[in-house]
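Peer 1: give me a 3D structure for the following:
(one chain, ligands or ions: 1)
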Amino acid sequence: MDENPIQKRNRLKREIAQGAENLKSKKRELERLSANCRHEWGPTETAFIHHKGYTIPGDALGTMGVDHRGPFYVSPKTDKRWKRVCTKCGEIDYTTSVNKTTVETPKW
Ligand SMILES: [Zn+2]
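Peer 2: Numbers count the residues shown, from 1 in each chain. Modelled structure (predicted):
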């Protein structure tokens, strides 16, 4: 028996709701996996985020006025970030925080 559009709509809505519930429960399961693990972190690796340089084109030719904007170049940029992976549960942990240390040396 073919379902009519109304039946199909209702079925899809029901399946979406079930899918959302399923997603929530899987996320909870994943959180429990991390919470129950006494993490043993593997080596720290760099996981820098590189942003390419790009040009903002500016206003089209023929656009006049004092507020006319020409092309503008945005320089490439790298955000420092590191990652470590738990050898027991596979959780990936990222950080962008750094410890700053000051080295004191005698000054003559
Ligand atoms: Zn772990």
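
Peer 1: and the strands in this protein?
Peer 2: Here the chain has its strands, by DSSP state E, at 45-46, 49-51, 54-56, 72-74, 77-79, 82-85, 92-95.

Peer 1: can you put the ones you listed in TSV and add mean neighbour count and mean pLDDT?
Peer 2: Every residue, glycine included, has its C-beta placed from N, CA and C. Putting the strands of the chain into TSV (neighbours: other C-beta atoms under 10 Å; pLDDT from 0 to 100) gives the following:
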stretch	mean neighbour count	mean pLDDT
strand 45-46	8	96
strand 49-51	10	94
strand 54-56	10	91
strand 72-74	10	90
strand 77-79	10	94
strand 82-85	16	97
strand 92-95	11	96
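
Peer 1: nearest to residue 1, of those?
Peer 2: Residue 1 lies closest to strand 92-95 among those, at 47.8 Å (C-beta to C-beta).

Peer 1: gap between that closest one and the chain center?
Peer 2: Relative to its chain's centre, strand 92-95 lies at 11 Å (C-alpha atoms, centre = their mean, to the nearest Å).

Peer 1: tell me the strands beside that strand, with direction?
Peer 2: Paired neighbours of strand 92-95 in the sheet (DSSP bridges): strand 82-85 (antiparallel).

Peer 1: which residues touch the partner strand?
Peer 2: 41-47, 91-96 (C-beta atoms under 8 Å, 6 or more residues apart in numbering).

Peer 1: can you check stretch 11-28 too?
Peer 2: By C-beta under 8 Å, 6+ apart, the list of residues contacting stretch 11-28 reads residue 3.

Peer 1: with stretch 47-63 instead?
Peer 2: Residues outside stretch 47-63 that contact it (C-beta under 8 Å, 6+ apart): 68-83, 94.

Peer 1: rewinding a little: closest one to the ion out of the contacts of strand 82-85, please.
Peer 2: Of all the contacts of strand 82-85, the ion sits closest to residue 91, with 4.9 Å by C-beta to the ion.

Peer 1: burial count for that closest one?
Peer 2: Neighbours of residue 91 under the rule other C-beta atoms under 10 Å: 14.
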